[in-house]
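Asks: Need coordinates for the following:
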Amino acid sequence: MEERPDVQKQILADIAKKLPIFTRAQSGAIRFCDRCQVIKPDRCHHCSVCETCVLKMDHHCPWVNNCVGFSNYKFFLLFLSYSMIYCVFIASTVFQYFLKFWVGDLPNGSAKFHVLFLLFVALMFFVSLMFLFGYHCWLVAKNRSTLEAFSAPVFQNGPDRNGFHVGLSRNLQQVFGEDKKLWFIPVFTSQGDGHYFPLRTLRESENPLLANEEQWLEDGGSDEESAGEINNVSK
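Replies: Numbering: from 1, shown residues only. Down below sits the predicted model:
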């Protein structure tokens, strides 16, 4: 209800003192969602399509008609990998009929056009999915979301695209979990609760916010970070 920007900034800072919030808005203020009326956890963004704030939002995907974020990012990657395998399977099984068409052994009729169409569509989808899957593998290796790749998260010391990069192994574990046998199975194994993410540059002994983490967990609070300009970046 406060209309003065400076007072708003101070109110949000006072509220967030006991919360593990490390990212800021471009102005340096604690990021707040005007639509949901909440302080956002780190890496959380508001999706104007879903009309809600999404934890560790990556992007809004029209193919699955949902936002890709903390709760389903592993499933999205598996969806891409399964789709690529399916395209390879289709192309490999149709290829023998393509060879028959090429040498003229395939009878004339509509079937030969279906064979050509199916082969080329499978290959086109495979190439498209390969680039998309490769890009997201790179994001996982760097521990970035699509939004963070376009616009670096802002910390107290300024923007840093690698702020959440804690090493390849730990980055993979945050998405797929520690049990490698479950990495390629569609069950939720991602680490954490989507509110707090380890940082590369901040140490517990050096950052006063981390000192309040135990108290925050006991109080049942949640982590925050905000960014309301989501669809401008990738959707």
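Asks: Secondary structure element holding residue 122?
Replies: Following DSSP states H and E, one finds residue 122 within helix 110-142.
Asks: list the buried ones in that helix?
Replies: For helix 110-142, burial by neighbour count (16 or more other Cβ atoms under 10 Å) applies to 115-116, 118-119, 122-123, 125-126, 129, 133, 136, 139-140, 142. Any C-beta I mention is one placed from the backbone N, CA and C, and that applies to glycine too.
Asks: Could you check how far the closest residue to residue 55 other than its chain neighbours is from residue 70?
Replies: Leaving aside its sequence neighbours, residue 55 sits nearest to residue 194 (Cβ to Cβ, 6 or more residues apart in numbering; 3.5 Å). Shown here: residue 194 relative to residue 70, a distance of 4 Å by Cβ to Cβ, to the nearest Å.
Asks: Show me which of the two is the more surrounded one.
Replies: Higher neighbour count among residue 194 and residue 70: residue 70, with 24 against 20, using other Cβ atoms under 10 Å.
Asks: Number of residues surrounding residue 1?
Replies: 4.
Asks: And the strands in the chain?
Replies: 23-24, 32-33, 38-39, 45-47, 52-54, 59-61, 66-68, 154-155, 158-159 (DSSP state E).
Asks: Retrieve the pLDDT associated with the nearest residue to residue 157 once chain neighbours are set aside.
Replies: Of all residues not flanking residue 157 in the chain, residue 201 sits nearest, at 7.5 Å (Cβ to Cβ, 6+ apart). pLDDT recorded at residue 201 is 74.
Asks: list the contacts for residue 201?
Replies: Neighbour list for residue 201: 155, 157, 160, 163 [criterion: Cβ atoms under 8 Å, 6 or more residues apart in numbering].
Asks: Report how many residues lie close to the third one.
Replies: Residue 160 sits with 17 neighbouring residues when counted by other Cβ under 10 Å.
Asks: Report the contact partners of the residue nearest in space to the middle of the chain.
Replies: Within the chain, the residue whose C-alpha comes closest to the C-alpha centroid is residue 58; the distance, by Cα atoms, centre = their mean, is 3.1 Å. Contacts for residue 58 were tallied using Cβ under 8 Å, 6+ apart; they are 67, 68, 69, 73, 76, 139, 145, 146, 147.
Asks: for the third one, what are its contacts?
Replies: Which is residue 69. Residue 69 neighbours (Cβ under 8 Å, 6+ apart): 54, 55, 56, 57, 58, 194.
Asks: in the chain, which spans are helices?
Replies: 5-15, 73-103, 110-142, 146-150, 168-176, 208-211, 213-219 (DSSP state H).
Asks: what pLDDT does residue 220 get?
Replies: pLDDT, residue 220: 39.
Asks: quick one on the thing from earlier: to residue 1, which of the strands of the chain lies closest?
Replies: strand 32-33 (12.8 Å; Cβ to Cβ).
Asks: which regions of the protein sit below the pLDDT cut-off?
Replies: Scanning the chain for pLDDT under 70 picks out the ranges 106-110, 202-235.
Asks: Go again with 90.
Replies: 1-6, 8-9, 15-18, 20, 26-28, 63-64, 94-117, 156-158, 200-235 (pLDDT under 90).
Asks: related to what we said a few turns ago, shared neighbours, residue 194 and residue 70?
Replies: 55, 56.
Asks: What's the local residue count around residue 147?
Replies: 22.
Asks: Now the terminal residues of stretch 13-32, how far apart.
Replies: Start-to-end span of stretch 13-32 (Cα to Cα, to the nearest Å) is 11 Å.
Asks: okay, the contacts of residue 58 in a markdown table with distance to residue 26 next?
Replies: Putting those into a markdown table (distance: Cβ to Cβ, whole Å) gives the following:
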| residue | distance to residue 26 |
| --- | --- |
| 67 | 23 |
| 68 | 24 |
| 69 | 22 |
| 73 | 25 |
| 76 | 28 |
| 139 | 22 |
| 145 | 17 |
| 146 | 19 |
| 147 | 14 |
